[in-house]
Structure formats: C-alpha cells, structure tokens
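Visitor: Need a 3D model of the sequence below.
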Amino acid sequence: QVQLVESGGGLVQAGGSLRLSCAASGRTFSRYAMGWFRQAPGMERAFVAAIVRSGISTYYAGSVEGRFTISRDNAKNTVYLQMNSLKPEDTAVYYCAAGSGPRIGDTVDYDYWGQGTQVTVSS
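Guide: Sure, this is the predicted structure:
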C-alpha cells in the first residue's frame, strides 16, 4: 500500500512558476514509476508527466514539454513537478500517482493516487 500526499499548489500569475511535491509513505517508493496528471473542470483527467523508477527517463505531454520538469528523490520518497512559464490553461487539480509499470501514460496504468492539489493560473 502506498499513500501519496501532494502539496505546493496555489494561485500564480501567467508566466510564473510553481513546484509541486508528492510525498509517499512506505519503503517501496523506488519500486514505482510516478506520474502527474491534471483535471480541469468538466474535463477528464489527463497525463502531464511521468518518471521511471530509477529516475533515468522522463516523459511529458506535448502541452507541457519544455515548461514542466518531473524529478524524484528516492531517498526522500518524493516526486516533484517544477512548472515554469505557466499559462491559464494549466489551471487544474494536479494529482500524483504511483504505478508498478511498465506502462505509464494513462490513468489505468497507476495503482495509487493522491488527493490532488489545486493550481490556478490567472491571466
């Protein structure tokens, strides 16, 4: 069992930055690929970024490539999402998720989810 708790969301102006954190419980964090998803009102939950267990490979949705960076610290059981050059269309609830792999691009690939953190980008 893995419990995930996100933090770092908030209100920011367009062009600004935020860093989301997701702290995981348990001693098996390094066994999971980690992903970030987001869900805007009236929309389905969508893939944002993912990182493999070792951290050596990362994957991004096209809409955030070059602006967002996912990273992880297995010693701290934490995954991060650095978000730069934020746009109003990035406004959503952001969720982190843990999956046993090997697929990491869809919600069904993940076994555990956090409660989400709100990110609001004003224009």
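
Visitor: Excluding chain neighbours, what is closest to Asp106?
Guide: Nearest non-adjacent residue to Asp106, counting by Cβ to Cβ, 6 or more residues apart in numbering: Phe47, 6.7 Å away. From N, CA and C alone the C-beta is placed, and that goes for glycine too.

Visitor: quick one: contacts for the one you found?
Guide: Residues near Phe47 by Cβ atoms under 8 Å, 6 or more residues apart in numbering: Gly35, Phe37, Ala61, Gly105, Asp106, Thr107.

Visitor: distance of it from Leu11?
Guide: Distance of Phe47 to Leu11, computed by Cβ to Cβ, to the nearest Å: 24 Å.

Visitor: re earlier: which among the contacts of Phe47 gets closest to Thr69?
Guide: Comparing those against Thr69 with Cβ to Cβ places Ala61 closest, at 12.9 Å.

Visitor: any idea how far the closest one is from Ser123?
Guide: Distance, Ala61 to Ser123, using Cβ to Cβ: 21 Å.
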